[in-house]
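Visitor: Sequence and predicted structure, then a few things I'm wondering about:
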Amino acid sequence: RANLQKRDPYRLERMSATAGKILIDGNAAAAMGAMFGGVTVATWYPITPSSSLIESLIGYLERYRRDSQTGRATFAVVQAEDEIAAIGMALGAGWAGARAMTSTSGPGISLMAEFTGYAYYAEIPAVVWDIQGVGPSTGLPTRTAQGDVQFVHSLSHGDTRHVVLFPSSVRDCFDFGLQAFDLAERLQTPIFVLSDLDLGMNNWMSDPFPYPEKPWDRGKVLHEQELAALPSFERYRDVDGDGIPYRTLPGVRDSKGAYFTRGSGHDEGARYTESADVYPRVMDRLAKKYETARTLVPAPVIEHEEGAEIGFLAFGSTHWAMVEARDRLASRGLKSSYLLLKALPFSAEVPRFLERHSRIYVVVPRFATRIRSARHYTGLPITAGFVTGEVTRQEAETAPVAEGMMR
């Protein structure tokens, strides 16, 4: 050692940065969250990069969700013949009162479109995880992207708007794995959780997840005693003014609780109709429910930098590149604010953030966006170096006001 001359700038030293941490991938974290969220039915068809979510869930349920006395399973995991069957089974279970979910990727989401519209209109709860790869078609199934957002948000034909959650860490995957069931039952609608291959299949360091203490929110469910006290019951009537009706579950003994679930036109009492007066009432109520969802979904995380003209908007695993990229840009004298989007519909904080900055960049791993963006579509995880270089280049070329805003 005395005869060796050090010629590089690097040095090694011991560190304890991993003390007390856990190592877990996003799919396993999501599965663990779903278990704590009370999932009893999981239906799926294998597809990369989502398969390991259900595979992890099976392991957790086998270990922790068997009856301690009899050893019998208190859950059902069904590998369906395709994604159409998988979402159909999940919706049937959700309609019957189970906490049900499925997991897939982009091609599977495409197949689920019609059933998803049915669930939106008939108001049936379920949780759908979309672990995004690269499309279109089969695309690059072993690479990562965030190209499904607009498609999933309005999945199905007609005027449909879904609630979508965007985890950006394994902790988010765990939390949203649980919270998605509360939202699905509270809002009586499918809840989509959009992860991606980078977050879902790669191992990440994290602080241990806190044990959930909050009781489940089963939403507006009327049981026998409540029904007995009511003069009548109409499945789709907006009693509380928040757009969310009350529901009953199959098998309730009071006959007032029975109704016909249909995806065709219906009135407040679930009776078939194509009335030009009734249909607008249904759609207006669904729109009101979507507005209510704004108050229930996770809020964005915002970091304001005083005097910054540039604002960044990102979601999902892109967050980690953004943290480093902002530091790099700051070292070059380019101050910026940052909004990490957690859900759609977003709160009023988002348009306020956009209005405060003369230039907005949406940083997203996909090809097409409608506003100024740092577009990354190689299929590899986005990096701070890419973001820094792209923003520096665009700032040097021009600095107009953002061409539009995401609504």
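Guide: Great, that's in hand. Numbers count the residues shown, from 1 in each chain.

Visitor: alpha carbons only for contacts and neighbour counts from here, please
Guide: Will do.

Visitor: And stretch 263-282, end to end?
Guide: 12 Å (C-alpha to C-alpha, to the nearest Å).

Visitor: Could you list the buried residues of that stretch?
Guide: Residues of stretch 263-282 classed as buried: Gly263, Gly265, His266, Asp267, Glu268, Ala270, Arg271, Val282 (neighbour count, 16 or more other C-alpha atoms under 10 Å).

Visitor: And for stretch 332-352?
Guide: 334-347, 350.

Visitor: Now render the buried residues of stretch 263-282 as JSON lines, adding pLDDT.
Guide: Shown next, in JSON lines, are those (pLDDT from 0 to 100):
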{"residue": "Gly263", "pLDDT": "95"}
{"residue": "Gly265", "pLDDT": "96"}
{"residue": "His266", "pLDDT": "97"}
{"residue": "Asp267", "pLDDT": "97"}
{"residue": "Glu268", "pLDDT": "97"}
{"residue": "Ala270", "pLDDT": "96"}
{"residue": "Arg271", "pLDDT": "97"}
{"residue": "Val282", "pLDDT": "97"}
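
Visitor: okay, among these, which ones form the most distant pair?
Guide: Gly263 and Glu268 (13.4 Å; C-alpha to C-alpha).

Visitor: Shouldn't Ile54 be within a strand?
Guide: No - with DSSP: H, G, I helix; E, B strand; the rest coil as the criterion, Ile54 is assigned helix and is not in a strand.

Visitor: now it: how far from Tyr60?
Guide: Distance from Ile54 to Tyr60, by C-alpha to C-alpha: 10 Å.

Visitor: Quick check: neighbours shared by the two?
Guide: Shared contacts of Ile54 and Tyr60, defined by C-alpha atoms under 8 Å, 6 or more residues apart in numbering, are found at Ala31.

Visitor: neighbour count winner among these two?
Guide: Shown here are Ile54 and Tyr60; by other C-alpha atoms under 10 Å, Ile54 has more neighbours (26 against 17).

Visitor: Make sure that one is actually in contact with Ala29.
Guide: No - if you go by C-alpha atoms under 8 Å, Ile54 and Ala29 don't touch, sitting 11.0 Å apart.

Visitor: ok, Glu390 - contacts?
Guide: Counted by C-alpha under 8 Å, 6+ apart, Glu390 has contacts Ala374.

Visitor: That one and Ala396, how far apart?
Guide: 10 Å.

Visitor: now swap in Gly38 and tell me
Guide: Counting by C-alpha to C-alpha - Gly38 and Ala396 are separated by 52 Å.

Visitor: Compare these two (neighbour count), which wins?
Guide: Just comparing Gly38 and Ala396: by other C-alpha under 10 Å the higher neighbour count belongs to Gly38, 18 against 9.

Visitor: Show the pLDDT at the more buried one.
Guide: pLDDT recorded at Gly38 is 98.

Visitor: cool, and Thr138?
Guide: Note on Thr138: pLDDT of 84.

Visitor: can you check the one 3 residues further on too?
Guide: If you check Pro141, the pLDDT there is 86.

Visitor: what about it, neighbour count?
Guide: Using other C-alpha under 10 Å, the number of residues around Pro141 comes to 20.

Visitor: hang on, isn't it packed against Gly133?
Guide: Yes - at 5.1 Å, Pro141 counts as touching Gly133 under the criterion of C-alpha under 8 Å.

Visitor: thought Tyr279 was touching His266?
Guide: Yes - if you go by C-alpha under 8 Å, Tyr279 and His266 touch, sitting 7.5 Å apart.

Visitor: Strands of the stretch 201-350 of the chain, residue ranges please.
Guide: Assigned by DSSP state E, counting those that start in this stretch, the strands in the stretch 201-350 of the chain fall at 203-206, 301-303, 310-315, 336-341, 343-344.

Visitor: Select, out of the ones you listed, the one closest to Asp217.
Guide: Using C-alpha to C-alpha, the nearest of the strands of the stretch 201-350 of the chain to Asp217 is strand 343-344, at 18.7 Å.

Visitor: Neighbouring strands of that closest one in the sheet, and parallel or not?
Guide: In the sheet, strand 343-344 lines up against strand 163-165 (antiparallel) (DSSP bridges).
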